[in-house]
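K.L.:
Attaching a predicted model along with its sequence, questions to come.
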Amino acid sequence: NAGVMQNPRHLVRRRGQEARLRCSPMKGHSHVYWYRQLPEEGLKFMVYLQKENIIDESGMPKERFSAEFPKEGPSILRIQQVVRGDSAAYFCASSRRGTGAYEQYFGPGTRLTVT
Amino acid sequence: GIQVEQSPPDLILQEGANSTLRCNFSDSVNNLQWFHQNPWGQLINLFYIPSGTKQNGRLSATTVATERYSLLYISSSQTTDSGVYFCAVLTQGGSEKLVFGKGTKLTVNP
């Protein structure tokens, strides 16, 4: 029974390029969350999605960042025109249902380095 | 928004010692989770414990929701327990975002 899968595990991009981070939730989970951990900081919520819907994007930077969770396939976090300040670990989590009553399980993270 | 404070920020132990990590939160919560971030950066789910007490091997956790705190106990610590321990909460009222504390960095020396 696979846990939350994220790929790639490590991603290096030059300034101005695009970064695409993928997340496959645990089997039976239909809720996906993205969190970011900047160097020497705690984890911060970015966005919460269900299939084909963005439910809460209050933690997403207003520009260059977008997320989707299509009907088929993994959730994608997309960062356009990356800058050095985007270097961080990006974690995806999934849960069986929302409403706060269900445990969120985390993937291994994608470590983005912008050069 | 809700505030989550963890203490101590740093803890150094000798192998075999016991420790208690604390998490205080400023509002009522629907969900409280403890995580271990190992030296390789992976987040490991330890406990889902909005209230009550749970045990898993050498680890146990207690949440007293009415007094807005949770405790994580580590007994007979091992070097593999090293890393950062995070507490995270979901507030009541429909929010789905976990709010994390800043963590306790634990170092267990052989």
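P.N.:
Looks like it arrived, so ask away.
K.L.:
Can you report how many residues neighbour the nearest residue to residue A:17 once chain neighbours are set aside?
P.N.:
In this structure, residue A:17 finds its nearest non-sequential neighbour in residue A:82, 5.8 Å apart by Cβ to Cβ, 6 or more residues apart in numbering or on different chains. C-beta: built from backbone N, CA, C; applies to glycine. Residue A:82 has 21 neighbours, counted by other Cβ atoms under 10 Å in any protein chain shown.
K.L.:
Please tell me how far residue A:82 sits from residue B:104.
P.N.:
Look at residue A:82 and residue B:104: by Cβ to Cβ, to the nearest Å, they are 32 Å apart.
K.L.:
Also residue B:33?
P.N.:
From residue B:33 to residue B:104 the distance is 15 Å (Cβ to Cβ).
K.L.:
Looking at those two now, which is surrounded by more residues?
P.N.:
The neighbour comparison of residue B:33 against residue B:104 (other Cβ under 10 Å) goes to residue B:33, with 24 against 21.
K.L.:
For the more buried one, list the residues it contacts.
P.N.:
By Cβ atoms under 8 Å, 6 or more residues apart in numbering or on different chains, the contact list for residue B:33 reads A:103-104, B:45-49, B:87-89, B:98.
K.L.:
ok, the spatially most central residue of chain A - contacts?
P.N.:
Centroid check for chain A by Cα atoms, centre = their mean gives residue A:34 as the closest residue, at 3.5 Å. Neighbouring residues of residue A:34 by Cβ under 8 Å, 6+ apart: A:23, A:45-47, A:67, A:75, A:77, A:90-93.
K.L.:
Please settle this for me: is residue A:58 part of a strand?
P.N.:
No. Per DSSP: H, G, I helix; E, B strand; the rest coil, residue A:58 lies outside any strand segment and is coil.
K.L.:
if I look at the residue nearest to residue A:106 when sequence neighbours are not counted, how far off is residue B:82?
P.N.:
In this structure, residue A:106 finds its nearest non-sequential neighbour in residue B:43, 4.2 Å apart by Cβ to Cβ, 6+ apart. Note on residue B:43: its distance to residue B:82, by Cβ to Cβ, is 15 Å.
K.L.:
The two - which one has more neighbours?
P.N.:
Shown here are residue B:43 and residue B:82; by other Cβ under 10 Å, residue B:43 has more neighbours (25 against 17).
K.L.:
Could I get the contacting residues of the more buried one?
P.N.:
A:43, A:91, A:106, A:108-109, B:35-37, B:86.
K.L.:
And these, which is closest to residue B:56?
P.N.:
In terms of Cβ to Cβ, no member of these lies closer to residue B:56 than residue B:36, at 11.4 Å.
K.L.:
picking that back up, I figured the residue nearest to residue A:17 hits residue A:115, correct?
P.N.:
No. Between residue A:82 and residue A:115 there is no contact, the gap being 9.6 Å when judged by Cβ atoms under 8 Å.
K.L.:
quick one: contacts for residue A:16?
P.N.:
Here residue A:16 is in contact with A:81-82 (Cβ under 8 Å, 6+ apart).
K.L.:
helix or strand for it, which one?
P.N.:
Counting by DSSP states H and E, no helix or strand carries residue A:16.
K.L.:
Then the one 10 residues further on?
P.N.:
Secondary structure assigned from DSSP H and E places residue A:26 in neither a helix nor a strand.
K.L.:
Mind pulling up the pLDDT for it?
P.N.:
For residue A:26, the pLDDT comes out at 93.
K.L.:
Next one: it from residue A:36, what distance?
P.N.:
Taking Cβ to Cβ as the measure, residue A:26 falls 20 Å from residue A:36.
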